[in-house]
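Student: The sequence and its predicted three-dimensional model are supplied below.
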Amino acid sequence: MVGAIFFFLGIGILIGGIFEYKSNQQFLQSSQKSTGIVTDLILGDSVYYPVLQFRTLANKTIDFKSSVGSNPPSYRVGDTVEIYYNPTDPYSAKISDFWSNWFGVIITGFLGTIFTFLGGIFLGSMIRSSMKKKWLLQYGKRISSEFQKVEINESFSANGIHPYIIVSQWQDPETRTIHIFKSENIMYNPEKYITNKSIDVLVDPMNCKKYYTDISFLPKSE
């Protein structure tokens, strides 16, 4: 579930980044250039946003605050900078530099890629685990392992809660090798539902390292 949320959230962010990229492209293609003067620096959210003044081709004076700030400030009062503005909406002007034009696109692209990548890893792992379980339930060799203990899976947590796993062991009668099996995550302590020392495990006949501990005897939720 978490993997799917991350994956589709990442896809959504990437789609938003594509729309923002196209919007920026359209803005730059339809905008006019002018020269602005930095008249003030406004501190907000620990960064300084430059306030600029420029004149349009229609000789109208426009004051606007840049949507991109920095700390330390990238500009000083009195600096002259090139800007782009839309003749029909000059107050939405942007400073003509890389970060002012593409900062939002870079951030959404970066976050979208990270979320999609991490979500894809989790989702892929879930799909592979589901396919392995399905294959083992259909073709696996059912063996009876000996229950050892219930332990907390410290390597994973959901909403700050660590799940439980059932640990059992089985000795191969042919090779005398002892195999340790661990169940999938269980979001409650299943110990009181284990009424005997035998736990069924489905193993790949060719490789006992590929297995699935059958916990179908447990209630779905407590």
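Tutor: Received the coordinates, thanks.

Student: Against which helices or strands is the helix or strand of the chain at the bottom of the mean pLDDT ranking packed?
Tutor: The weakest-scoring helix or strand in the chain, judged by mean pLDDT, DSSP states H and E, is helix 2-30 (a mean of 84). Identification of packing neighbours for helix 2-30 by 3 or more CB pairs under 8 Å, 6 or more residues apart in numbering; DSSP states H and E yields strand 80-86, helix 98-139. The way it works is simple: take the backbone N, C-alpha and C, and place the C-beta from them, glycine included.

Student: Between the ones you listed, which has the poorest mean confidence score?
Tutor: Of all the helices and strands packed on helix 2-30, the minimum mean pLDDT falls on helix 98-139 (a mean of 87).

Student: Measure how far that helix is from the centre of its chain, please.
Tutor: How far helix 98-139 lies from its chain's middle: 7 Å, per CA atoms, centre = their mean, to the nearest Å.

Student: same deal with stretch 91-106?
Tutor: Distance, centroid of stretch 91-106 to centroid of chain: 26 Å (CA atoms, centre = their mean).

Student: now do the same end-to-end measure for it.
Tutor: The first and final residues of stretch 91-106 sit 23 Å from each other (CA to CA, to the nearest Å).

Student: just stretch 186-195 next, same as before
Tutor: Terminal-residue distance, stretch 186-195 (CA to CA): 17 Å.

Student: how about that stretch: buried residues?
Tutor: Of all the residues in stretch 186-195, those buried under the rule 16 or more other CB atoms under 10 Å are Ile186, Pro190, Ile194.

Student: so the second one touches Pro163, yeah?
Tutor: No. If you go by CB atoms under 8 Å, Pro190 and Pro163 don't touch, sitting 10.1 Å apart.

Student: Could I get the buried residue list for stretch 54-63?
Tutor: Phe54, Ile62.

Student: List the contacts of the spatially most central residue of the chain.
Tutor: With distances taken as CA atoms, centre = their mean, Phe115 lies nearest the centre of the chain, 2.6 Å away. By CB atoms under 8 Å, 6 or more residues apart in numbering, the contact list for Phe115 reads Phe6, Phe7, Leu9, Gly10, Ile13.
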